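[1] requesting a structural model of the entry that follows:
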Amino acid sequence: MTSYSAFATIDNKADAEALGAALERMLPEPTGVGVFEMEDGSGLWEVAGYFTEAPDKAGLALLEALHGARFVVSEIPETDWVAKVKRDLAPVVAGRFFVHGSHDADKLPDGAEPLLIEAAMAFGTGHHGTTLGCLLALDKLVSAGFSPKAVADIGCGTAVLAMGAARIWDVRILASDIDEVAVEVALANARANGLEGRIECLEAAGFGHPVLAEAAPFDLIFANILKGPLVALAPEIAANLTPGGYAILSGILNEQAEEVIAVYAQNGTNLVEKQVIGDWSTLLLRRS
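    Presented below is the predicted three-dimensional model:
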């Protein structure tokens, strides 16, 4: 069955949320509405509605007039999304790490460290340039002989980075996320990878959890989030790193990298290496 999407962009959060709320009240009702800040540094917000039948043109026109927006309506053909994702998400090799779905478990190269992330987990599979960059930075640290005593994965998502660390080191590893569902996903992934009990998964904003405070300082901190929270967390990440400890940061568009580097340098955490993959930069930093 064909479904439909209606997208519009708004230049500020309040107006975007108001448009999203109005879109939810349309008839026929949308099956879902999303309001997201675009990750291109433009400051624009995207409002999206999804419908099982064609949205009412007059209703959309009224919303456009009231909210100063313009909707683009598209048909979405019926798709077996799980099968499509399995086809499209081929295994990813990131140095010694092999990120794969269960349907590709038989393709594990000799000597590789497997990281099982099912196809339904679209972000954090290693296909996105940010996750891939972080895994490659981790691989380089391992090759250089780095050996931490404690590791934190802040904003862990699927916990693929925490799991990568757990494949290499038998040390304390904490994975935290502000989203409760992400924490549940992280726990499920740890179990699926035979790492249950090796990774402590916590719901926390930044370092705001007593378990993180008790475990600090860390010799290695991952933070694959976005520029805004990375900048805000710079003092906390520096304060929770051991002297000589490393931070691997991503979720940074290439044009944002210099600002992030400068903020961390002001907090005594300096650039070791920048890696660019597509539109995204990954930073390896070290605390002086």
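[2] for the nearest residue to G133 once chain neighbours are set aside, what are its contacts?
    Of all residues not flanking G133 in the chain, T282 sits nearest, at 2.9 Å (C-beta to C-beta, 6 or more residues apart in numbering). Bear in mind the C-beta positions are built from the backbone N, C-alpha and C, glycine included. Taking C-beta atoms under 8 Å, 6 or more residues apart in numbering, we find T282 in contact with 129-130, 133-134, 136-137, 248-250, 252, 274-276.
[3] and those, which is the shakiest by pLDDT?
    In this model, the minimum pLDDT among the contacts of T282 belongs to G129 (78).
[4] tell me the spacing between that one and V263.
    Computed as C-beta to C-beta, to the nearest Å, the G129 to V263 distance reads 21 Å.
[5] correct me, but I221 touches A238?
    No. The pair I221 / A238 is not scored as a contact, 9.6 Å apart, by C-beta atoms under 8 Å.
[6] neighbour-wise, which of these two wins?
    Neighbour comparison, I221 and A238: the larger count goes to I221, with 30 against 21 (by other C-beta atoms under 10 Å).
[7] so what does the helix or strand hosting that one touch, helix or strand wise?
    Element membership for I221 (DSSP states H and E) is strand 218-224. Here strand 218-224 touches helix 129-143, strand 150-154, helix 160-168, helix 227-239, strand 241-253, going by 3 or more C-beta pairs under 8 Å, 6 or more residues apart in numbering; DSSP states H and E.
[8] if I pick A182, what's in contact with it?
    156-158.
[9] what residues are up against L233?
    When contacts are counted by C-beta under 8 Å, 6+ apart, L233 is found next to 154, 206-207, 223, 225.
[10] what's the answer for E118, then?
    101-102, 192.
[11] phi, psi for L283 please.
    With angles defined as degrees, to the nearest 10, L283 sits at phi -110, psi 130.
[12] so it makes contact with G251?
    No. Look at L283 against G251 with C-beta under 8 Å: they stay out of range, at 10.2 Å.
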